[in-house]
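Visitor: below are the sequence and a predicted model; questions follow.
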Amino acid sequence: MKKDLKQSKEEKEKTMSETTEKKRQPRTCFHIPDEVFQVLFKEARSKRITVTDYILDMLKREAETLSNKSK
């Protein structure tokens with residue numbers, strides 16, 4: 001019985017270390033008012049992409065614009 005518990009603990013530690021070794025993409029969460037989300041949703045749907053992808057694309061383009069201005 002003790003051997004099973006020890007093995008289980010070792011497996012959990014291995015799984016946890018594997019999880020921490022993987023690089024995670026940083027995330028930011030924020031609340032979008034419903035009326036804004038609805039507009040973004042309609043536009044994203046017309047492009048056949050998710051709202052998340054649409055927002056990330058807009059932010060990426062804005063970041064590139066700002067980066068070019070600072071050069």
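Guide: It's in. On a predicted model such as this, the values are computed, not experimentally measured, just so you know.
Visitor: pLDDT score for Lys14?
Guide: Here, the pLDDT recorded for Lys14 equals 60.
Visitor: so where is the chain shaky, pLDDT-wise?
Guide: Applying pLDDT under 70 to the chain flags the ranges 1-22.
Visitor: now do the contacts for the nearest residue to Phe37 once chain neighbours are set aside.
Guide: In space, and not counting its chain neighbours, Phe37 is closest to Val51: 7.0 Å by C-beta to C-beta, 6 or more residues apart in numbering. In short, each C-beta sits where N, CA and C put it, glycine included. Neighbour list for Val51: Phe37, Leu40, Phe41, Ala44 [criterion: C-beta atoms under 8 Å, 6 or more residues apart in numbering].
Visitor: from Glu62, how far out is Val51?
Guide: 16 Å (C-beta to C-beta, to the nearest Å).
Visitor: got it, and Thr50?
Guide: Per C-beta to C-beta, Thr50 is found 18 Å from Glu62.
Visitor: again, but for Glu35
Guide: Computed as C-beta to C-beta, the Glu35 to Glu62 distance reads 21 Å.
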